[in-house]
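S.K.: predicted model follows, preceded by the sequence.
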There are 2 protein chains.
Amino acid sequence: MPNGKIIEPRVLKGFRDSMPENEIRKKAIIAKLEEMFSSYGFVPIDTPVLEYTEVLLGKGGGETDKQIFHFKDNGEREVAMRFDLTVPFARFMAAHLNELPLPFKRFHIDKVWRGENPQKGRFREFTQCDFDIVGVDNAEADFEILSMMDASFSMLGIQGYTFHIAHRGLFNAFLSHLGVEEKAVEILREVDKLRKVGAASVKESLTGITADEAKAEAVMRFITKDDQQEPFLETLQRLAMLAGGENEHTARMRKIYGYLESAHIANHFVYDPSITRGLDYYTGIVYETFLNGLDQFGSVCSGGRYNNLASLYTKQELPGVGSSIGLDRLMAALGELDSNMLGDSRAADVLVMVMDEELRPWYNELAAKMRGAGLHVDLYLPEGKKMGVQFKYAELQHIPFALTCGSNEHDAGKVTLKDLRSRETRQMVTLDEAVKTIKEGLA
Amino acid sequence: MPNGKIIEPRVLKGFRDSMPENEIRKKAIIAKLEEMFSSYGFVPIDTPVLEYTEVLLGKGGGETDKQIFHFKDNGEREVAMRFDLTVPFARFMAAHLNELPLPFKRFHIDKVWRGENPQKGRFREFTQCDFDIVGVDNAEADFEILSMMDASFSMLGIQGYTFHIAHRGLFNAFLSHLGVEEKAVEILREVDKLRKVGAASVKESLTGITADEAKAEAVMRFITKDDQQEPFLETLQRLAMLAGGENEHTARMRKIYGYLESAHIANHFVYDPSITRGLDYYTGIVYETFLNGLDQFGSVCSGGRYNNLASLYTKQELPGVGSSIGLDRLMAALGELDSNMLGDSRAADVLVMVMDEELRPWYNELAAKMRGAGLHVDLYLPEGKKMGVQFKYAELQHIPFALTCGSNEHDAGKVTLKDLRSRETRQMVTLDEAVKTIKEGLA
């Protein structure tokens, strides 16, 4: 393979390697989220990274989106890499309807690819974390998704997070009441830009769309909360009045809110009528999640209720409610907040150092015993290296403890343990004592 | 999006969905392997799925292999999906040499893609599990990889597995002694086919390659063990004699074997001189792993020592030793052996059934409390469904327990628990007692 020419080991624009420190933390966060989802009875699925372009985009490969990685495979099939986890899930539900329980509650945490121009914090390869409940349209399912979101953020140790929630049905009822329902899709897409472009710009666009400044003003009034502290149910009542009175949507919202109160988590939710989620398939609750003081990261968890997941692939109606966490963005935000929240990134709990090459079989035995006691144990492999080199190796990998044993320890059946952070040494103790000290030091 | 036309929800040839039962088991096996690798001080990394074709193949995109998924992206770059985890790892090492500790011990468990024609049990998208130690060339590192392989297979509960191990250096020494060293690459590639095509066919090919039947016979004698029970060190001694005497390779093998004996795992290893691994970059130990009685699955874990991982990208020599588990193949083999070994596939430990819609807030509370006690709890979401429907839902998801509580239980502050496997019922017990019964029933 080598012909003398060295190839530059570069990666593609918008792609990146994940170094051990990042990957250890990412895996730990994913494991915690998976355990949380499993504790709610959600199950994992997986779908192919490559699918027929037609299946992913709902049309042939002619005018495919520039944002999608797509190509002709060796069998002349038009194929594309998945750009989200929702479309493959819809295809999956349609393909396996007869085998699956309904409601079906699944999670899927994996990579997706988009060809968009990389900006700060945006990549062409990134990890999404999706969870959905499909096959039931009621307040109980809406509450379960919200409850699981709250439990997940709380479990990650995040102190300040707020779920901004609204109801697409109520917004549509308002637009009907205002007599602009046929412009609903355009209007909600404009409103969705509010955070990005500001109120003045949105109002101008709305005036253009409705050709009626008074109506544009009415929409602005609906989506604006003058009092940010306005209690949830008061906002809801005010909006109901603007929309022509109470309806099924306000009733749904009240029921959901009742459950949130019973669960003592209502204080994490605000009714935010400016939330619409640009996509037109949402029909019920919609929400975005902001970490307090970290608005620059945008929403780290968004979603809502849709009335028909898989209409592209099946005639069976599949209502659902779901949510997606942008894992890379969440990790960036947590790192900004407090890097301790990302968890440890040590390569091992303890390094068994090699003071005497003759004692390797004993070092192997010590390592095996400590592994048996549940510790992560690295054993220094190169031969004949000085202590200083071995300490450097431990430091570079954030390994907090080292076992430094020579023939004295071996002959006495004891070990010597060094805490590499405090530089404290426990000389000639039993292996059990050393294990105990390490575990206490890590707790 | 729907225009009335229904698109068939099909997947590409050689690709497949992973259903919850499979995905739950796969995740559990991966989690166990990751914990094992971490306990040896190995760290995870991740690399992009897409890379420059030139970087992955070591040449331009002109005559790329048919087995690779490659294409021009929207920026006219020649890109390809990774076809293994070794080449991206080599590129990663070269790119990050200055940031990484040496030796560097990493694992990487993820999907790779190959366009080969799908056969029984072969797919175009599959999961590899790689682990390598880079930056050190000694018996200690060789032993650590073998020891970790043994610990992993033992931990998975597999009773009968055998590591077939050989030494490429010793084989080359033999070929030199025989005077056919310039044909070494061709010869080892032929020998690698032994299991597939049989001895007669290999011998015929070898006669062609060496143009000397006596030499072909000598090679056959070297790679053939007449006595399958021949002890490891006796095989080694016999091969050393055929290769012209003891050398650095036999010394290395003896040292490794000494460590295996000290660790009491030598009985899982046989010296199998027919193992060569077709690829020419191996220079030291090579090995394949077979599950007893399941030869049809081939090797489920293979690898060896190479003297230069990243020569394509850097002039720094990076010797290493590594191994790759074919996870899909391993799971297929385990399922054939004893599906219990694949672990549980239940969607939850217990289903909270809904006997009375008015009691939903209490059911939510029961579910939350049981989650707090560490259980995986599903709560039935649809309204007004009969018990029979709810039991069916539990059964379809292999949920072993159900809480069946109405207003009697609620008013008494008790619960009723059903074991859905034995149909035993514990009526009017405390929630704590129910949790205890469930945990005992799952243990």
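M.R.: Thanks, I have the structure now. Numbers count the residues shown, from 1 in each chain, chains lettered A, B, ... in the order given.
S.K.: going forward, measure contacts and count neighbours with C-alpha atoms only.
M.R.: OK.
S.K.: could you look up the SS state of A:Lys315?
M.R.: Three-state assignment for A:Lys315 (DSSP: H, G, I helix; E, B strand; the rest coil): coil.
S.K.: list the contacts for it?
M.R.: B:Ile6 (CA atoms under 8 Å, 6 or more residues apart in numbering or on different chains).
S.K.: make it 6 Å
M.R.: By CA atoms under 6 Å, 6 or more residues apart in numbering or on different chains, A:Lys315 lies in contact with nothing.
S.K.: A:Gly208 too?
M.R.: So A:Gly208 contacts nothing (CA under 6 Å, 6+ apart).
S.K.: quick check: end-to-end length of stretch A:168-186?
M.R.: Stretch A:168-186 has an end-to-end distance of 14 Å (CA to CA, to the nearest Å).
S.K.: is it up against chain B anywhere?
M.R.: No: Stretch A:168-186 lies out of reach of chain B by CA under 6 Å from any CA of the partner chain, never closer than 13.0 Å.
S.K.: mind listing what's buried in that stretch?
M.R.: A:Arg168, A:Gly169, A:Leu170, A:Phe171, A:Asn172, A:Ala173, A:Phe174, A:Leu175, A:Ser176, A:Ala184 (16 or more other CA atoms under 10 Å in any protein chain shown).
S.K.: contacting residues around it?
M.R.: A:Ala243, A:His249, A:Thr283, A:Gly284.
S.K.: need the pLDDT of the first one.
M.R.: Read that as A:Ala243. You'll see A:Ala243 listed with a pLDDT of 97.
S.K.: that one - how many residues pack around it?
M.R.: The number of residues packed near A:Ala243 is 20, by other CA atoms under 10 Å in any protein chain shown.
S.K.: cool, the third one as well?
M.R.: Residue crowding around A:Thr283 was assessed by other CA under 10 Å; the count is 21.
S.K.: now it, what's its secondary structure?
M.R.: strand.
S.K.: need the longest helix for chain A.
M.R.: When chain A is parsed with DSSP state H, its longest helix is helix A:20-39.
S.K.: check whether that one contacts chain B.
M.R.: Yes: Helix A:20-39 is in contact with chain B by CA under 6 Å from any CA, via A:Pro20, A:Glu23, A:Ser38, A:Ser39.
S.K.: out of the contacts of stretch A:168-186, show me where the pLDDT dips lowest.
M.R.: pLDDT across the contacts of stretch A:168-186 is lowest for A:Thr283, at 93.
S.K.: for stretch A:243-262, list the C-alpha coordinates in CSV.
M.R.: What follows is stretch A:243-262, C-alpha atoms only, in CSV (Å, rounded to 0.1, in the frame of the first residue of the first chain):
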residue,chain,number,x,y,z
ALA,A,243,-59.2,32.8,19.3
GLY,A,244,-62.9,33.2,19.9
GLY,A,245,-63.3,31.2,23.0
GLU,A,246,-62.4,27.8,24.6
ASN,A,247,-62.2,24.8,22.3
GLU,A,248,-60.9,21.3,22.1
HIS,A,249,-57.3,22.6,22.0
THR,A,250,-57.5,24.7,25.1
ALA,A,251,-59.2,21.7,26.8
ARG,A,252,-56.3,19.5,25.8
MET,A,253,-53.8,22.1,27.1
ARG,A,254,-55.6,22.3,30.4
LYS,A,255,-55.5,18.5,30.8
ILE,A,256,-51.8,18.3,30.0
TYR,A,257,-51.1,21.2,32.5
GLY,A,258,-53.1,19.4,35.2
TYR,A,259,-50.8,16.3,34.8
LEU,A,260,-47.7,18.5,34.9
GLU,A,261,-49.0,20.0,38.1
SER,A,262,-49.8,16.6,39.6
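S.K.: contacts for that stretch, please.
M.R.: A:Ala139, A:Phe143, A:Leu170, A:Ala173, A:Phe174, A:His177, A:Ala240, A:Ala266.
S.K.: make it 8 Å
M.R.: A:138-140, A:142-143, A:147, A:167, A:169-171, A:173-175, A:177-178, A:233, A:236-237, A:240, A:266, A:284, B:361.
S.K.: try stretch A:382-401
M.R.: A:345-351, A:353, A:355, A:357, A:380, A:402, A:417-421, A:438, B:100-103, B:136-138, B:140.
S.K.: show me the residues you listed that map onto strands.
M.R.: A:Val350, A:Leu351, A:Ala402, A:Leu417, A:Lys418, A:Asp419 (DSSP state E).
S.K.: quick one on the thing from earlier: report the strands that pair with the following helix or strand past the longest helix of chain A, each with its relative direction.
M.R.: Using DSSP states H and E, the helix or strand that follows helix A:20-39 in sequence is strand A:43-44. The pairing partners recorded for strand A:43-44 under DSSP bridges are strand A:104-113 (parallel).
S.K.: partner strands of whatever helix or strand comes next after the strand it pairs with, with direction?
M.R.: Next helix or strand after strand A:104-113 toward the C-terminus (DSSP H and E): strand A:125-134. Here strand A:125-134 is paired, per DSSP bridges, with strand A:104-113 (antiparallel), strand A:320-326 (antiparallel).
S.K.: by proximity to chain B, which residue of the stretch 251-400 of chain A wins?
M.R.: Across the stretch 251-400 of chain A, the shortest distance to chain B (CA to the nearest CA) belongs to A:His376, at 3.8 Å.
S.K.: how many residues are close by A:Asn117?
M.R.: Neighbour tally, A:Asn117, other CA under 10 Å: 12.
S.K.: quick one: which of the ones in strands among the contacts of stretch A:382-401 is most hemmed in?
M.R.: A:Val350 (29 neighbours).
S.K.: that residue and A:Thr404 touch, don't they?
M.R.: No: here A:Val350 does not reach A:Thr404: they are 10.5 Å apart, not a contact under CA atoms under 8 Å.
S.K.: surely A:Thr250 is in a helix?
M.R.: Yes: counting by three-state DSSP, A:Thr250 is found in a helix.
S.K.: what does the stretch 201-350 of chain A put close to chain B?
M.R.: Proximity of the stretch 201-350 of chain A to chain B, by CA under 8 Å from any CA of the partner chain, involves residues A:Tyr259, A:Ser262, A:Ala263, A:Ser311, A:Leu312, A:Tyr313, A:Thr314, A:Lys315, A:Ala347, A:Ala348.
S.K.: by neighbour count, which of those residues wins?
M.R.: Highest neighbour count within those: A:Ala347, with 28 neighbours (other CA under 10 Å).
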